[in-house]
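# output the structure for:
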Amino acid sequence: MTTIIDGKAVAKKVNAATQTAVAELEQQGIKPGIAVIIVGEDPASQIYVRNKNRKATKLGMHSVVRQLPVTTTQAELLSIIAEYNSDASIHGILVQSPLPKQINEPLITMAIDPKKDVDGFHPTNMGKLITNFPGNYPVANTPRGIMTLLAEYGIDPAGKQAVVIGRSTIVGKPMAALLTNANATVTVAHSRTKDLKALARTADILVVATGIAHLITGADIKPGATVIDVGMDRDADGKLVGDVDFDSAQGVAGFITPVPGGVGPMTIATLMQTTVELAKWSDLSE
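This next block holds a predicted model:
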């Protein structure tokens, strides 16, 4: 019997706690603020940014969307980031990917104040995560949201074999670090891993984040394993599917996230949660 992990329900719970935290901070004279900068007209990015803005506003935050033309120069973008770095009403800054080719994305990530790095991608924050550094700092929202799902369903990574397929700085690397910090034994796999599917079958916790539709099937899953599908792909009919073939995986996995309705809702909920934390931490440091 496979338990389907309900990301929507858990995200609703996280959002309720965030809304309460926003109200408590407002009583102290602090209104959590997030600035999202988008360069160009990428349709998927427009949807993501609109959803983030709506959620932040609904939860009572100060939300700013800065829409820039695709012709924006790197110097112009850096100047805008500097503006928000020094704006006390903004606690979290997010620059939406992808960026136009004339802009160096790693340089933009570096330009964001680590204390306002709501995505958790700044090398300072990534370094703290990997070294399991004590203290307050933002962590990449999708992996952190996944850890929240695991905790909500009573899945303790300690002592378990975990396989993370994908090595991006957005999901794969921070996910591996979080699982390692939670005392799992972690293997990171990728496109050049030999016998990938055999490796997948060793996992008690399998996280798949490749962007390749139905890369993993039920035959590639250890019976009873927890399967976290981070993929958001389209099949030949245009239907939204994940990196895991849900139909064949169901009945083999012990726990599984669906697509949509699994990891996706947790990413935005965790982004909002992180924004509030950054507001709280900024007050502590002042």
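# which secondary element of the protein has the worst mean pLDDT?
strand 233-234 (a mean of 88; mean pLDDT, DSSP states H and E).
# what's the domain layout of this structure?
With domains defined by automatic domain parsing, the chain comprises 29-113, 141-263.
# name every strand pairing with the helix or strand just after the least confident helix or strand of the chain and say which way it goes.
Per DSSP states H and E, the first helix or strand lying C-terminal to strand 233-234 is strand 240-241. Neighbouring strands of strand 240-241 in its sheet, by DSSP bridges, are strand 233-234 (antiparallel).
# Asp220: neighbouring residues, count only.
Using other C-beta atoms under 10 Å, Asp220 has 24 other residues around it. For the C-beta atoms, the positions are set from N, CA and C on the backbone; glycine is no exception.
# how about the helices in this protein?
7-27, 43-58, 74-85, 105-111, 123-130, 141-152, 172-181, 196-200, 246-249, 263-285 (DSSP state H).
# burial of Arg234, as a residue count?
If we define neighbours as other C-beta under 10 Å, then Arg234 has 10 of them.
# identify the residue spatially nearest to it, adjacent ones excluded.
Leaving aside its sequence neighbours, Arg234 sits nearest to Leu240 (C-beta to C-beta, 6 or more residues apart in numbering; 6.3 Å).
# got the contact list for the one you found?
With contact set as C-beta atoms under 8 Å, 6 or more residues apart in numbering, Leu240 has these partners: Met232, Asp233, Arg234, Val259, Pro260.
# do Thr274 as well
Gly92, Val118, Gly120, Pro138, Val139, Asn141, Arg144.
# same thing with Ala176?
Ala162, Val164, Val186, Val188.
# and with 6 Å instead?
Val164, Val186, Val188 (C-beta atoms under 6 Å, 6 or more residues apart in numbering).
# setting aside sequence neighbours, what's the nearest residue to Leu94?
Leu94 sits nearest to Val36 (C-beta to C-beta, 6+ apart), 4.8 Å away.
# measure the one you found to Asp42 for me?
13 Å (C-beta to C-beta, to the nearest Å).
# neighbour count for these two, which is higher?
The residue with more neighbours, out of Val36 and Asp42 and counting by other C-beta under 10 Å, is Val36; that gives 23 against 17.
# what about the nearest residue to Arg66 once chain neighbours are set aside, how many neighbours?
Nearest residue to Arg66, sequence neighbours excluded (C-beta to C-beta, 6+ apart): Ile37, at 4.6 Å. Residues lying near Ile37 (other C-beta under 10 Å) number 22.
# so Ile37 sits right up against Val95, yeah?
Yes: using C-beta atoms under 6 Å, Ile37 is in contact with Val95, at 4.8 Å.
# got the end-to-end distance for stretch 188-195?
One end of stretch 188-195 sits 13 Å from the other (C-alpha to C-alpha, to the nearest Å).
# in it, which residues are buried?
Val188, Ala189, Thr193 (16 or more other C-beta atoms under 10 Å).
# how far away is the nearest residue to Thr57 once chain neighbours are set aside from Ala35?
Once flanking residues are discounted, Thr57 sits nearest to Ser63: 5.2 Å by C-beta to C-beta, 6+ apart. From Ser63 across to Ala35, the span is 8 Å (C-beta to C-beta).
# again, but for Ser282
Using C-beta to C-beta, Ser282 is found at 14 Å from Ala35.
# Ile108 now?
According to C-beta to C-beta, Ile108 stands 13 Å off from Ala35.
# hmm, who's touching stretch 62-71?
31, 33-40, 49, 53, 56-57, 89, 100.
# only whichever of those are buried, select them in PyMOL.
Buried residues among these (16+ other C-beta under 10 Å), as a PyMOL selection:
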select buried, resi 33+34+35+36+37+38+39+40+49+53+56+100
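# among the contacts of stretch 62-71, which ones are in strands?
Counted as lying in strands by DSSP state E, out of the contacts of stretch 62-71, are Gly33, Ile34, Ala35, Val36, Ile37, Ile38, Val39.
# quick one: which two of the residues you listed are the most distant?
Gly33 and Val39 (20.3 Å; C-beta to C-beta).
# now the ones in strands among the contacts of stretch 62-71 in TSV, please, with extra columns for pLDDT and distance to Asp245.
Output for the ones in strands among the contacts of stretch 62-71, formatted as TSV (pLDDT from 0 to 100; distance: C-beta to C-beta, whole Å):
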residue	pLDDT	distance to Asp245
Gly33	98	41
Ile34	98	36
Ala35	98	39
Val36	98	34
Ile37	98	36
Ile38	98	33
Val39	98	35
